[in-house]
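[1] sequence first, predicted model second:
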Amino acid sequence: MPDPEKTVRDEQREAQDKGAVMKDGDESTPNRMKIDLHCHTQYSWDCVTPIEAIPPRMIETGIRVQAITDHNNIEGALAARRLVQKEYPQLDIIVGEEVLTDEGEIIGLFLKEHIPRGLSAIETIARIRGQGGLVLLPHGFDPLKKLRLRPDVRNELRNQIDIIETFNARVNRDKWNQAAAHYAEESGAYQSSGSDAHTLRDIGGAWVEAPYMRIDTPADLLKALEGGVPVGKRVHPGISLLYRLFDAARGQLRRWGRQLQRAFN
């Protein structure tokens, strides 16, 4: 029988080189769970995924811990957490926000209050820390991501970044995830894998496979990531765009249907 600890160590070494281990989403390891730290909902301007659809999708894809990280907004994350606490106690939602600073995007996790866009990166980090939260650098090495954190700022603040997203399912080239993994290794930062889901079907496309535990605090998350392995498969940006357009069209049809129903009632 394979040694589970040896398998995890081998996968961690593979993730350090590639950004993540590539394997099918239906594969699972006993006593381990899936964590996704980057996901959007209808509260982001470029996503129409309804809050109520997220917990069933998490169950379908085996994601047990999901961070909701809408653009410059925590309302969706708060709503998702309330829903999960009431109806899906086996799941955990982390309240996060993908904040657009004046130097690029930074994710705050375990937030209690909204952080406004347009602040400096260092002020944004201070506000995340002031809430007891964690700082995550998303898709920071893809030069085609126009809102990524500027490389010079990233290097200046490297010691203030808790987690680096070493696998983002929506980057334009695999090598940019690999660059993030190497940077995280040099920095000693924790590593994560994020679906960066902008459609419902994107949820479950990337995760950290970690020891099974409850995630209630930042310390819990860091402990899980320490024993975790980033996993995922990159989605071609063109395909991702088609999914988003399809979701947007479907959302518009639903809105028109509700308007017609009200008009005839």
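    That came through, no problem.
[2] confidence score at the residue nearest the centre of the chain?
    In the chain, the C-alpha nearest the mean C-alpha coordinate belongs to H38, at 1.2 Å (CA atoms, centre = their mean). Looking at H38, its pLDDT is 98.
[3] now do the contacts for it.
    Contact criterion CB atoms under 8 Å, 6 or more residues apart in numbering gives 67, 69, 98, 107, 136, 138, 165, 168, 192, 194-197, 206 as the residues in contact with H38. Using the backbone N, CA and C atoms, a C-beta is placed for each residue, glycine as well.
[4] burial measure for the residue nearest to it when sequence neighbours are not counted, as a count.
    Nearest-residue entry for H38: G194, 2.8 Å, with adjacent residues in sequence omitted and distances by CB to CB, 6 or more residues apart in numbering. Burial of G194, expressed as a neighbour count using other CB atoms under 10 Å, amounts to 29.
[5] ok, G194 touching V171?
    No: under the criterion of CB atoms under 8 Å, G194 is not in contact with V171, lying 10.3 Å apart.
[6] tell me which residues of the helix or strand containing E186 come out buried.
    Secondary structure assigned from DSSP states H and E places E186 in helix 174-187. Under the neighbour-count criterion of 16 or more other CB atoms under 10 Å, helix 174-187 has 176-181, 183-184 buried.
[7] and which of those residues is nearest G227?
    When the buried residues of helix 174-187 are compared for distance to G227, the smallest value, 15.6 Å, is given by A184; criterion: CB to CB.
[8] neighbours around the residue nearest to Q131 when sequence neighbours are not counted, how many?
    Leaving aside its chain neighbours, Q131 sits nearest to K112 (5.0 Å; criterion: CB to CB, 6+ apart). Residues contacting K112 under the criterion other CB under 10 Å number 11.
[9] part of a strand, is K112?
    No: under the criterion used here (DSSP: H, G, I helix; E, B strand; the rest coil), K112 is coil, not part of a strand.
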